[in-house]
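**Q** just a sequence and a predicted model for now, questions to come.
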Amino acid sequence: MDQRIISFKYLTDFHCIADQCEDHCCGHWKIFYDPPSLQILKNKVGDAGLSEIVSFETIGDRTVVQLKLNKQQNCTMLDDNGLCSIHSLYGEEALANTCASFPRRINYGADVELTASLACPEIARKCLQNSDAVDFVFGDDLVNEKKLQVFDNRYDATTSDPYLSNNNDIRNLMYELLNLEGFSIAQKFFIVSSFASDVSKFYFRDSPNYSEQQLVESVNRITDFDYVKKLVEEFDELDVKPHTAIELVQLVLNARIVSGTEYYSVLNELIAEIAGLLKSDARTGNDNNDLFVNIYQEIKHQISLKHEQRIEQYFTNYARNAIISEWYVSDDNLMKYLQLMSVRIILLKFLLFCHPKLLKRYNEGLTLKGVTEDELDAIAVDVFYKFTRGIEHDKVFFQSIQKAVLNKPELLSLAFLTYLLKF
Ligand code: SF4
């Protein structure tokens with residue numbers, strides 16, 4: 001293999017903690033079996049054994065093979081100790097590639113990139129809780145060939161579209177900007193969004209106006225520290241009400257609940273608990289947006305007094321992980337990509353600060369000053385892993401939100417992103 005394998009520090013010592021995991025990854029979603037792995041499994045268990053483990057469905061001229069789920073929506077091969085019986089009885093080679101690779105995400109570009117999904121709580125822990133977790137590491141021994149079979153993005157090295165061929169450089173620029181010292185995640189995201197806004201007229205997929213010179217000038221501007229400092233001062237001076245953001249949060253979370261519970265129950269249960277606690281706020285008896293905003297802001301303020309740095313680290317690591325693993329070229333332009341990323345961040349912020357463990361204390365009139373870093377870490381893992389499972393893994397859901405709500409020129413602007421970033 002000519003390409004290097006690059007990864008993040010948090011993955012170097014990751015291993016599945018199986019029965020110690022607060023959840024498992026063997027259910028509540030569709031798990032497909034790839035033909036080579038299916039053949040290995042069939043050789044071990046025979047036709048009759050195979051039909052107990054997987055189902056076959058003909059769609060057009062294709063046969064789709066999926067692991068069967070039981071009434072609880074778990075894989076029938078998940079044993080009572082939370083372990084995989086295919087792995088324990090027949091070895092890793094008989095696992096579907098999807099099972100062997102999860103929670104890893106693979107991109108084939110100039111390098112092979114090995115990142116991971118925070119849908120696994122153990123990955124969320126490792127990614128969020130160490131300041132250097134998303135630093136790059138290099139090495140051919142990071143993953144075996146079987147795990148490299150399932151990939152998320154593949155880069156067409158022969159492309160003549162600069163939007164795609166600059167993927168590595170522009171992505172790495174955003175990754176570095178999100179690591180600037182001395183700035184909050186909101187300020188860093190504003191810097192990245194300002195760059196995206198600056199290049200938006202000529203830098204997009206199949207752009208007829210592409211100008212390399214303009215792109216270089218924009219990159220030079222955004223890497224000039226004095227320019228960046230001025231940008232941030234302007235951002236800090238803007239006084240923005242959080243109501244636009246809270247309305248969007250409510251809209252997306254309600255849509256998530258309404259659009260089905262079968263595969264996304266862990267997140268839906270969390271949303272339902274938060275909704276119940278917000279409505280049960282006995283002190284005012286009303287559930288309007290002002291109340292939500294006040295509660296959110298008060299909890300955020302109290303928690304941030306003691307844990308600001310830790311919270312910045314969660315969101316910085318989350319965003320840097322996403323920038324590398326989810327290529328912006330999957331969207332037509334950078335603003336669209338950052339718009340969705342900003343929406344994800346406000347949803348995560350809301351779920352974090354309005355997590356039931358904090359809301360209950362708040363509703364009982366207890367101070368939040370006593371919340372320890374360990375408690376907050378546990379809340380963050382709970383929120384980030386459930387959110388990733390419940391929303392980020394459902395691309396169709398997010399596309400429908402984008403189409404129905406976000407796909408307006410005025411919402412693809414730096415002004416709108418500023419509204420979100422100030423939340
Ligand atoms: S979610 Fe992660 S830690 Fe939990 S069982 Fe799956 S791979 Fe293992």
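**A** Done, it's in.

**Q** could you point out the longest helix of the protein?
**A** Using DSSP state H, we find that the single longest helix of the chain is helix 289-325.

**Q** after it, which helix or strand is next? Please name it.
**A** The C-terminal neighbour of helix 289-325 among helices and strands, as given by DSSP states H and E, is helix 334-353.

**Q** give me the three-state assignment for the single nearest residue of the stretch 301-423 of the chain relative to the ligand.
**A** Each residue of the stretch 301-423 of the chain has a distance to the ligand, by C-beta to the nearest ligand atom, and the smallest belongs to Y385, at 7.8 Å. Yep, even glycine has a C-beta here, placed from its N, CA and C like the rest. The assignment at Y385 comes out as helix when based on DSSP: H, G, I helix; E, B strand; the rest coil.

**Q** could I get the pLDDT score of it?
**A** Y385 is assigned 96 on the pLDDT scale.

**Q** likewise for the one 10 residues further on?
**A** In this model, K395 is scored at 79, pLDDT.

**Q** for it, give me phi and psi.
**A** phi -60, psi -30 (degrees, to the nearest 10).

**Q** what sits against the residue of the stretch 301-423 of the chain closest to the ligand?
**A** Y385 makes contacts with 23, 118-121, 123-124, as judged by C-beta atoms under 8 Å, 6 or more residues apart in numbering.

**Q** got it, and V381?
**A** Neighbours of V381 in contact, by C-beta under 8 Å, 6+ apart: 121, 124-125, 128.

**Q** give the helix, strand or coil label for it.
**A** Per three-state DSSP, the secondary structure class of V381 is helix.

**Q** how about it: what's its closest non-neighbour residue?
**A** A124 (4.7 Å; C-beta to C-beta, 6 or more residues apart in numbering).

**Q** what is the neighbour count of G370?
**A** 9 (other C-beta atoms under 10 Å).

**Q** what's the helix or strand for it?
**A** When the helices and strands are read off by DSSP H and E, none of them contains G370.

**Q** how far away is it from A255?
**A** Distance of G370 to A255, computed by C-beta to C-beta, to the nearest Å: 35 Å.

**Q** what pairs with the helix or strand of the chain with the lowest mean pLDDT, parallel or antiparallel?
**A** Within the chain, confidence by mean pLDDT, DSSP states H and E is lowest for strand 153-154 among all helices and strands, at a mean of 72. Listed by DSSP bridges, the sheet partners of strand 153-154 and their directions read strand 104-108 (parallel).

**Q** in the partner strand, what counts as buried?
**A** Of the residues in strand 104-108, those with enough neighbours to count as buried (16 or more other C-beta atoms under 10 Å) are 104-107.

**Q** rebuild the residues you listed as a markdown table, extending it with pLDDT and distance to the ligand.
**A** Converted to a markdown table, these look like this (pLDDT from 0 to 100; distance: C-beta to the nearest ligand atom, whole Å):
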| residue | pLDDT | distance to the ligand |
| --- | --- | --- |
| R104 | 89 | 9 |
| R105 | 88 | 13 |
| I106 | 87 | 15 |
| N107 | 88 | 19 |
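
**Q** number of nearby residues for the nearest residue to E122 once chain neighbours are set aside?
**A** With C-beta to C-beta, 6+ apart as the measure, I17 is the residue that lies nearest to E122, at 5.2 Å, once sequence neighbours are left out. I17 sits with 13 neighbouring residues when counted by other C-beta under 10 Å.

**Q** wait, I17 touches R125, no?
**A** No: distance between I17 and R125: 9.4 Å, which falls outside the contact criterion (C-beta atoms under 8 Å).

**Q** which non-adjacent residue is nearest the residue in the stretch 201-350 of the chain positioned nearest to the ligand?
**A** Closest approach between the stretch 201-350 of the chain and the ligand, counting by C-beta to the nearest ligand atom: V266, at 11.0 Å. Closest residue to V266 apart from its sequence neighbours, by C-beta to C-beta, 6+ apart: K386 at 4.8 Å.

**Q** count of neighbours near the one you found?
**A** 24.

**Q** with V240 instead?
**A** 15.

**Q** same deal with the one 4 residues further on?
**A** Using other C-beta under 10 Å, T244 is surrounded by 16 other residues.

**Q** who are the contact partners of it?
**A** Neighbour list for T244: 416, 419-420 [criterion: C-beta under 8 Å, 6+ apart].

**Q** which of those are buried, as a ChimeraX select command?
**A** A single ChimeraX command selects the buried members of these (16+ other C-beta under 10 Å):
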select :416,419,420
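
**Q** just the contacts of T244: which are in helices?
**A** In helices, defined here by DSSP H, the members of the contacts of T244 are 416, 419-420.

**Q** returning to that earlier point: any idea how far the residue nearest to E122 is from the ligand?
**A** Distance check for I17 against the ligand: by C-beta to the nearest ligand atom, to the nearest Å, it reads 5 Å.

**Q** same question for D23.
**A** Applying C-beta to the nearest ligand atom, the value for D23 to the ligand is 6 Å.

**Q** what's the closest non-adjacent residue to that residue?
**A** For D23, the closest residue by C-beta to C-beta, 6+ apart turns out to be P121, at 6.0 Å.

**Q** that neighbour contacts Q20, doesn't it?
**A** No: judged on C-beta under 8 Å, P121 makes no contact with Q20 at a distance of 10.1 Å.

**Q** so for these two, which sits in the more crowded spot?
**A** P121 (23 against 8).

**Q** circling back: what separation is there between the residue nearest to V266 and I324?
**A** Note on K386: its distance to I324, by C-beta to C-beta, is 22 Å.

**Q** tell me the pLDDT of L142.
**A** Per-residue confidence at L142 stands at 66 (pLDDT).

**Q** need the contact list for K126.
**A** Contacts for K126 (C-beta under 8 Å, 6+ apart) come out as 10-11, 13-14, 133.

**Q** any figure for the gap between it and L270?
**A** Distance from K126 to L270, by C-beta to C-beta: 21 Å.

**Q** likewise D331?
**A** 27 Å.

**Q** again with Q302
**A** Relative to L270, Q302 is positioned 21 Å away (C-beta to C-beta).

**Q** with that, I have no additional questions.
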